[in-house]
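1. Test case, fold it:
(one chain, ligands or ions: 1)
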Amino acid sequence: MAELGLSVVRIGEFAWSRLEPQPGQLEFEWLDRALDTLAAEGLGVIIGTPTATPPKWLIDQYPDILATDPSTGRVRRFGSRRHYDFSSADYRRESLRITAMLADRYGQDPRIVGWQTDNELGCHDTTLSISPAAVAAFRVWCAERYGSIDTLNAAWGNVFWSMEYRDFDAIDAPYGTVTEPNPAHQLAYRRFASDQLIDFHGAMVAALRARIDQQQFVTHNFIPMSDTAADNAALAAPLDFPSYDSYPLGRTDEILHDRVPAEEFAAVQRTGHPDLTAFLLDQVRALGDRPFWIMEQQPGPVNWAPANPSPLPGMVRLWTIEAFAHGADCVSFFRWRQAPFAQEQMHAGLRRPDDAPARRWPEIAAVIAEVQTAALSAPTTVQAPVALLTDVDSEWITNIERQSADYRLGNVQLEFYRAFRELGLNIDIVSANDPLDHYALVAVPCLASIDTSFVERAKASKAQIIFGPRSGSKTREFCIPAELAPGPLQKPLGLVVTEVETLRPGARDAFQWRGQSYRTSLWREHLEVSQQHVAAHFDDGGPAVVQVGSLSYLASLPDRDFLVDYFAAFCKQRGIATQRLPDGVRLRRRGDLTFAFNYSHSSYTIEVPTNSEFVIGNSSIGPQDLAVWRNTNNKTSGN
Ligand code: GAL
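-> Now for the predicted structure:
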C-alpha cells in the first residue's frame, strides 16, 4: 500500500463478528496488529463502525433487529448486510454499545485519523421498514406532528375512500393495500423513515464525539443522494465532512441503462456518463463546507450493476482527478484485494484474488504520483455562477405521484445539469434553504412544495430563477394548493396551471423561442397567463415559457437544446462567459486550476486563455484523457 503511494486505509466497517465473536467477548488483538502494521508504514487508518453488519448471535438474541420489507411484508433475514431496523430499540442500544467500545479503545489513538459511521446508510432500500417497531414509532411521529387525529385526517384528506382514523394507534404503514395508498400517508411515512435514520445516525455520531480526540474526524460514505431515501443534508449535518462511494460505471449502468438512447449509452458504458458522475460529485460537495472524500472508488469491473464492464484505460485516472476537480480532498479505492469468496468475489480490487497487482495497478500508481506532483487539492474553489436546486420532498412527491411512468425527477435534474455543463460552467447544488444571492442563474427543475419565504428570497435575489413544471403544485401535506399550482408562485408569475397532461415517450410538442423551434416531451401544463408574460408559445398557441422579471416558469420539459440556449442567453446578459462543449468534453474549475476532461472517443482541442500554464497535459486532449491548467487571472473565493 505504501509503495503504491496510498496514505490512508479504511478498515473494519463490517467486522463485528470478529470484534465480538461471542456476546461481550471483545477481541481487539487482530485489529491492533493491523494498526501496527499500517502505522509502521505511515498509513493513517479510518475505522468504520461495524453497525451495518450485526452478527448472527446478536440477531438470535434480539430478532426484532431485523427489518420488515415494505413491498413483501416479510422479515428480511440474516445472511447479507444492512439487516437492521432503524426503529429497533434493541439495535439502537447494541449499535451504540459497539460504537462506544471502539471509540473508548481507539478514540485517542494516534494511529487512527478518523471514523466512518456505519456504511452507506439507506443502501439496498433499507431506509423503509414496516416492522412492528417502525409502525409503533410512526404512530408516535404522527401524534407529534399532527397533534390530533382530526388534524391528521383533514391534512391527508382521509374522508376520501373512508380512510378516516379514530386514533393514532389505528394508523398502519402505507404498504400492501389493494390499490395505491393515500399519497399524503406515503409522504408522511417517508419523512418519518428519514427522521428515524437521521436520529439513529445522530446518536452514533454523538457517541463517537463524546470519546474521540478532536484530531480524529467523523465522516460517512454516502451513496447517490436519492438512493439514501433520506434527507441527506440533515444526515450530513453532524459530520466533519461527507464522503462518497463513487462507482462511475456501476451507477451509469444502474441509473441510465434504460433511460438514455442505446447509442448514447454504448458510448459511455466503459467510461461512465460524464454528467451523471459529475452531478453525483457536486451533490456530495453540497453536503459539507469542507472538501469531501471519495471513500470508495471503482478500480475495475464491479459485480452489482445490470452489466459490469471494465473501465477503458485512462478512466480510473480520469475519475480520480475529476473528483479533485469537484472538490474532493482524498480519493480512496475500493477494494484493496479482490475477495476470492462470498458476495463480491467478482468485484475488482487493486490486487487480484491471488494478490498479484490487478490490471489497473500501473494506472493507479501513476495517478497517485500525478495527484501528488500537481497538488490538485487546492483549498479554494471558484464561486459557481449558476446553481441547480434539489429537494428531497420533491423527489418523494414526484416518485409517489408519478402521473407518467416515465417522469423521473432525477432525469429532469440531470438534463438541466447537462445544459449548464454544455456551457462549460461550474454548478453548485443548492437546497431551498440556501442563499441564492451568489448566483446569476438558479435552475429549479421541480420544487413541488414551495413556501412563501422561498418566493420572497427568490424575488429579492439577483439571480434569474427558472422553475420547471410541477413546481408549487403541492402543499406540504401533498394536496393541491387552494389557489391551484404553482401555489405561492402564482402571484409573482401571474399564472395558473389549469390542466396537466403527460405523454408517452416519442410524442413531442413543438414551441418557438426567439425564432427558433424546440420540442418538449412527457409533461405538459396548460396555463392561464397574461400574454405579455409569455416568452415562448407552443405551436398550438399555448404558453410554453413564462417570464416575469427574474422569474421564469416552464410549462413542460423542453429538450436540452432549449435549456442550453435559454441558460446561455441569461449568462450573456449577466456577463458570464460560456463555452459550448461537445458531449463528453467537460470543464471544471477549482481554485486557480481549470480541468478539462474528455470522456469521448475522439481527441478534442480545448480553448485555453493565453496566460495559462499547463499542469497536466496540453490543449489537445485525447480520448479518456484530461488537461489541467493554471490561469493566474481566475478569481477565487470561498472554499
Ligand atoms: C459499496 C459498499 C462496499 C462494497 C462496494 C461494492 O456499496 O460500501 O462495501 O459493497 O459497494 O461496489
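
2. avg pLDDT for the helix or strand hosting residue 628?
-> For residue 628, the host element (DSSP states H and E) is strand 625-631. For strand 625-631, mean pLDDT rounds to 94.

3. Can you show me the CA trace of that strand as PDB?
-> Extracted in PDB, the C-alpha atoms of strand 625-631 (Å, rounded to 0.1, in the frame of the first residue of the first chain):
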ATOM      1  CA  ASP A 625      -7.600  11.900 -21.200                       C
ATOM      2  CA  LEU A 626      -7.600  15.300 -19.500                       C
ATOM      3  CA  ALA A 627      -5.700  18.500 -19.100                       C
ATOM      4  CA  VAL A 628      -5.300  20.900 -16.200                       C
ATOM      5  CA  TRP A 629      -4.000  24.400 -16.400                       C
ATOM      6  CA  ARG A 630      -3.400  27.300 -14.100                       C
ATOM      7  CA  ASN A 631      -4.900  30.600 -15.000                       C
END
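
4. Return the distance of it from the chain's centre.
-> Centroid separation for strand 625-631 versus its chain: 26 Å, with Cα atoms, centre = their mean, to the nearest Å.

5. which residues in the stretch 201-350 of the chain form helices?
-> Applying DSSP state H, counting those that start in this stretch to the stretch 201-350 of the chain gives helices spanning 232-236, 248-256, 262-268, 274-285, 315-325.

6. Quickly, which of those helices bottoms out on average pLDDT?
-> Among these, helix 262-268 has the lowest mean pLDDT, at a mean of 93.

7. coming back round to it: between the strand holding residue 628 and helix 315-325, what angle do the directions make?
-> Counting by axes from the mean of the first three to the mean of the last three Cα atoms, to 10 degrees, strand 625-631 lies at 30 degrees to helix 315-325.

8. What segments of the stretch 351-500 of the chain are helices?
-> Counting by DSSP H, counting those that start in this stretch, the stretch 351-500 of the chain has helices at residues 361-374, 392-400, 409-422, 452-460, 490-493.

9. Which other helices and strands does the first one contact?
-> This means helix 361-374. Counting contacts by 3 or more Cβ pairs under 8 Å, 6 or more residues apart in numbering; DSSP states H and E, helix 361-374 is packed against helix 315-325, strand 612-616. For the C-beta atoms, the positions are set from N, CA and C on the backbone; glycine is no exception.

10. Those: which one's closest to the ligand?
-> The ligand lies closest to helix 315-325 among the helices and strands packed on helix 361-374, at 13.9 Å (Cβ to the nearest ligand atom).

11. thought residue 400 was touching residue 181?
-> No. Using Cβ atoms under 8 Å, residue 400 is not in contact with residue 181; the gap is 9.1 Å.

12. got the CA coordinates for stretch 150-163 in PDB?
-> The C-alpha coordinates for stretch 150-163 follow below in PDB (Å, rounded to 0.1, in the frame of the first residue of the first chain):
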ATOM      1  CA  ASP A 150     -58.800  15.100  13.200                       C
ATOM      2  CA  THR A 151     -56.000  17.300  12.100                       C
ATOM      3  CA  LEU A 152     -54.200  14.300  10.500                       C
ATOM      4  CA  ASN A 153     -57.400  13.100   8.800                       C
ATOM      5  CA  ALA A 154     -58.000  16.600   7.400                       C
ATOM      6  CA  ALA A 155     -54.400  17.100   6.300                       C
ATOM      7  CA  TRP A 156     -54.300  13.800   4.400                       C
ATOM      8  CA  GLY A 157     -57.800  14.100   3.100                       C
ATOM      9  CA  ASN A 158     -58.800  10.800   4.700                       C
ATOM     10  CA  VAL A 159     -62.500  11.400   4.100                       C
ATOM     11  CA  PHE A 160     -61.700  10.100   0.600                       C
ATOM     12  CA  TRP A 161     -62.500   6.400   0.300                       C
ATOM     13  CA  SER A 162     -63.500   6.300   4.000                       C
ATOM     14  CA  MET A 163     -59.800   6.300   5.200                       C
END
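
13. Residues touching that stretch, excluding its own?
-> 142, 145-146, 164-165, 168, 171, 182, 184-185, 188, 477-479 (Cβ atoms under 8 Å, 6 or more residues apart in numbering).

14. and the residue in the stretch 151-300 of the chain positioned nearest to the ligand, what are its bridge partners?
-> Per Cβ to the nearest ligand atom, residue 245 is where the stretch 151-300 of the chain lies closest to the ligand, at 5.0 Å. Under the criterion DSSP bridges, residue 245 forms beta bridges with residue 296.

15. Hmm, residue 295 and it touching each other?
-> Yes. Residue 245 lies in contact with residue 295 (Cβ under 8 Å); the separation is 5.8 Å.

16. Among the two, which residue is more densely surrounded?
-> Taking other Cβ atoms under 10 Å, residue 245 and residue 295 do not tie; residue 295 has more neighbours (27 against 22).

17. so residue 127, which of the three states?
-> At residue 127, secondary structure determined by DSSP: H, G, I helix; E, B strand; the rest coil is coil.
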